[in-house]
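> Dropping a prediction and its sequence here:
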2 protein chains.
Amino acid sequence: MNPDLHKIISSILPHTQPRKQAGQAYAPANIALCKYWGKRQESLKLPLTGSLSISLAQLGTHMRIELSETDQLIINDEAQDIRGKAATRLFEFLSLFRAPDTHFKIKSLNTIPMAAGLASSASAFASAVNALNDLYQWELSAQQRSILARIGSGSASRSIYQGFVEWHRGEQADGMDSFAERLDTEWPDFRIGILTLSDAKKTVGSSEGMQRTIESSTLFESWPAQVDKDLPVIRQAIRDQDFDTLGKTAEQNALSMHATMISAWPPVLYWRPESVATLHQVHQLRQQGLSVYATMDAGPNVKLLFKEKTRNELLQAFPGLQVVEPFSA
Amino acid sequence: MNPDLHKIISSILPHTQPRKQAGQAYAPANIALCKYWGKRQESLKLPLTGSLSISLAQLGTHMRIELSETDQLIINDEAQDIRGKAATRLFEFLSLFRAPDTHFKIKSLNTIPMAAGLASSASAFASAVNALNDLYQWELSAQQRSILARIGSGSASRSIYQGFVEWHRGEQADGMDSFAERLDTEWPDFRIGILTLSDAKKTVGSSEGMQRTIESSTLFESWPAQVDKDLPVIRQAIRDQDFDTLGKTAEQNALSMHATMISAWPPVLYWRPESVATLHQVHQLRQQGLSVYATMDAGPNVKLLFKEKTRNELLQAFPGLQVVEPFSA
């Protein structure tokens, strides 16, 4: 255990006495338009670069944390092995916040289609911090909750908010300036399309893929320059509601992240044949004049970025498309 | 026309009077193990980095250049449109070497499976230089012919030789130190496997793909560092006959080249679904203990690197595999 971690967390928490029997909260999943790929510090999950995402409205995690005699974890009504990988990671995180004799029964409900390869860890750790905030009645600011969620899972720092969210890289060693903030822009006709291409289990986890890329990809050395170029363009395109600039920058950013993985050794090849077929289909639709862009995370699935007026044409091209409306309340 | 080009060529040629009625020659195709990707100078085809290839023995181009009243081009027994793209490029090149009133009837026979996406331009330009050398009886050294072939098509500089061939980047502005040389190593049980995955016509030519990558890919900035790392490792692995070091370095080099294209805008995505399926199959075979590696050029097809003892297992896994023995006379 990093002693800094305890110091940092206790500097944020007003106390460690639960004020209720149970706390509950919700946090959305998010999809990065400018990706988080690479940490500069491991235990505090301090990122190498900033990143910018869009939250997925009602697709996310509802979490209820109840005081209990023993630790228990129930995900989507299924009791989990408490010594399993997911439970261990979550309880190690929660133990940073609770007194040694405190135990939790946790019920988590994911509204994200798991097979779509959407990271549930972001909404899980963000909802956990929000639920603790309720249970302990800490009344933490969103910025403080973002820092705490980040310690659980980097991209969870962004799942504290809905809408467009920027996670600042920060400079400080203690990470107190590495938090996310919501961008002050609504974009009512902005849409995200989720395609479930492959439910093949990932052979390489995203943290492992990230680590292998950093250690073995020469091209990764140019990745921070890619983000330095893309992040301000995406931020400005959101302000200007310039959809094509946003779309092409986000697509190039996502494909460049995959390019760093493809150039690692052994290659981190999340792409499946269907991923490539979908990318070609998106490029073809664009050549036909449709304004649609692709993004991908550390997995085989492709997500589409488009506007409401393109919805019907895309549903025809991709019958299984699940459409998310990030700005409809 | 670059005036330097004429000066450079006439400094190499002893004369421009044909000494025979026809000249003929052969040159093999080649597959780069460390790729040529990016030029530092366009008209002289001076490369950004060195590269290293293996020539494909009897797979290549036979060319006969005959004095004639008019320019004609016959490829694989089919007369070509003299104003077509391929003919224009070849005759523009040949015009650098002949007197203004000289015309050629050219018969070219390719033994490379065209659908396999193997570059025929390397063997075409190398065999053209060799055939001119015969027609004019210049008695040029291999090094001089390599420089001349390079001016036609960069990778043609390597097709002057059989076996393992290194093309030196060079430093001079006139390119007189940018030629290929044969490595002094035979490797009798080294094999190349050619898979014809897709005969879909490339939507982006390789020169255009190269140009777009240089102009728009941020990750390409790290490509020269990739070559600086890989080229000496591959050279030494050939000397040591260390197959796995050669294979993994060549595969990472090829995938990194594709990674630079994938990160370009618009993305240069030569990969088809079958390309990715084949890469996964190669990775799986490797996990089963088979020593096999993949390489790819600016197209969708995958080439395999392996040793004779693995041939039968690979023919089972890839029934359409065409096996090349680069060192059997």
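Right, received. Where do you want to start?
> the strands in the stretch 201-329 of chain A, which residues?
Here the stretch 201-329 of chain A has its strands, by DSSP state E, counting those that start in this stretch, at A:293-296, A:302-307, A:322-324.
> helices or strands up against the first one?
Read that as strand A:293-296. When contacts are defined as 3 or more CB pairs under 8 Å, 6 or more residues apart in numbering or on different chains; DSSP states H and E, strand A:293-296 packs onto strand A:22-34, helix A:243-262, helix A:273-287, strand A:302-307. Every C-beta, even on glycine, is put in place using the N, C-alpha and C of the backbone.
> Any idea how many residues pack against the spatially closest residue to residue A:295 that is not a sequence neighbour?
Distance criterion CB to CB, 6 or more residues apart in numbering or on different chains; nearest residue to residue A:295, sequence neighbours excluded, is residue A:254 at 4.2 Å. As a burial measure, residue A:254 scores 26 neighbours (other CB atoms under 10 Å in any protein chain shown).
> go on, residue A:242?
13.
> try residue A:328
9.
> Same check on residue A:180?
28.
> and it, what are its bridge partners?
Taking DSSP bridges as the rule, residue A:180 bridges to residue A:167.
> Per-residue pLDDT of it, please?
Here, the pLDDT recorded for residue A:180 equals 98.
> sorry, back to before: can I get the strands of the stretch 201-329 of chain A in TSV with mean pLDDT?
TSV is the format used below for the strands of the stretch 201-329 of chain A (pLDDT from 0 to 100):
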stretch	mean pLDDT
strand A:293-296	98
strand A:302-307	97
strand A:322-324	96
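> Between the helices and strands packed on strand A:293-296, which one is closest to residue A:130.
The closest of these to residue A:130 is strand A:22-34. By CB to CB, the value is 3.2 Å.
> what residues are up against the nearest residue in space to residue A:324 that is not next to it in sequence?
Spatially, and ignoring its direct neighbours in sequence, residue A:324 is nearest to residue A:192 (4.3 Å; CB to CB, 6+ apart). For residue A:192, the contacting residues are A:31, A:54, A:56, A:303, A:304, A:305, A:323, A:324, A:326, by CB atoms under 8 Å, 6 or more residues apart in numbering or on different chains.
> What count of nearby residues applies to the second one?
Counted with other CB under 10 Å, the neighbours of residue A:54 add up to 28.
> what's the residue nearest to residue A:295 in contact with, if anything?
Residue A:254 neighbours (CB under 8 Å, 6+ apart): A:35, A:294, A:295, A:296, A:297.
> ok, so of those residues, who is nearest residue A:83?
Distances from residue A:83 to those, taken by CB to CB, are shortest for residue A:297, at 27.9 Å.
> For the closest one, grab phi and psi.
Dihedral pair for residue A:297: phi -110, psi -160, per degrees, to the nearest 10.
> how deep is it tucked in, by neighbour count?
Neighbours of residue A:297 (other CB under 10 Å): 22.
> Repeat that for residue A:53.
26.
> for residue A:323, same thing?
Quick note: residue A:323 (other CB under 10 Å) scores 14 neighbours.
> Might one say that it is in contact with residue A:311?
Yes - if you go by CB atoms under 8 Å, residue A:323 and residue A:311 touch, sitting 6.2 Å apart.
> returning to that earlier point: top of the contacts of residue A:192 by number of neighbours, please.
Neighbour max across the contacts of residue A:192 (other CB under 10 Å) = residue A:54, 28 neighbours.
> Tell me if that residue really is in a strand.
Yes - the assignment for residue A:54 is a strand, going by DSSP: H, G, I helix; E, B strand; the rest coil.
> so what's it bridging to?
Beta-bridge partners, per DSSP bridges, of residue A:54: residue A:31, residue A:164.
> That one and residue A:31 touch, don't they?
Yes - counting by CB under 8 Å, residue A:54 sits close enough to residue A:31 to count as a contact (5.8 Å).
> Check which residues of stretch A:62-80 are buried.
A:62, A:63, A:64, A:65, A:66, A:71, A:72, A:73, A:75, A:80 (16 or more other CB atoms under 10 Å in any protein chain shown).
> so who does the second one touch?
Under the criterion of CB under 8 Å, 6+ apart, the contact partners of residue A:63 comprise A:24-27, A:106-109, A:124, A:127-128, A:130-131.
> go again using 10 Å as the cut-off
A:23-27, A:75, A:90, A:106-110, A:123-132, A:134 (CB atoms under 10 Å, 6 or more residues apart in numbering or on different chains).
> what does the third one give?
Neighbour list for residue A:64: A:22-25, A:74, A:104-109, A:127, A:131, A:134-135 [criterion: CB under 10 Å, 6+ apart].
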